[in-house]
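S.K.: output the structure for:
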Amino acid sequence: MAEKRHIVVVCGYGCHLDTPLGRVYLPKVVQFIKEQKPDRIILCGGYTQQKSAPKVSEAALMAHYIDKCLSYPESA
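M.R.: Numbering: from 1, shown residues only. Have a look, this model is predicted:
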């Protein structure tokens with residue numbers, strides 16, 4: 001029997017962190033990732049707000065946020 005994988009798909013929700021995206025949605029995503037420790041995370045979202053966030057994709061913004069939250073400082 002094949003081994004089961006825990007894969008999480010996170011849908012984009014805008015390109016500005018001073019909205020519910022950064023205040024509610026992504027913190028809950030980070031908390032879920034820390035607790036559930038999925039094997040893979042798929043981030044979805046395109047360039048939806050070109051006037052207010054040019055050249056920023058929802059997926060890239062979320063990847064940067066999540067990576068920053070899950071990164072640990074290097075030991076000195």
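S.K.: wait, a strand at H16?
M.R.: No. Per DSSP: H, G, I helix; E, B strand; the rest coil, H16 lies outside any strand segment and is coil.
S.K.: count the neighbours of it for me.
M.R.: H16 has 14 neighbouring residues, counting by other C-beta atoms under 10 Å. Every residue, glycine included, has its C-beta placed from N, CA and C.
S.K.: my guess is it contacts S52, does it?
M.R.: Yes. When contacts are counted by C-beta atoms under 8 Å, H16 is listed as touching S52 (6.9 Å).
S.K.: go through this structure and flag its longest helix.
M.R.: If you go by DSSP state H, the chain has its longest helix at helix 58-70.
S.K.: name the surrounding residues that touch it.
M.R.: Defining contact as C-beta atoms under 8 Å, 6 or more residues apart in numbering, one finds that helix 58-70 is touched by 10, 12-15, 17, 22, 26-27, 29-30, 33-34, 41, 43-48, 53.
S.K.: swap in 7 Å and give it another go.
M.R.: Residues outside helix 58-70 that contact it (C-beta atoms under 7 Å, 6 or more residues apart in numbering) are 10, 12-15, 17, 26, 29-30, 33, 43-46, 48.
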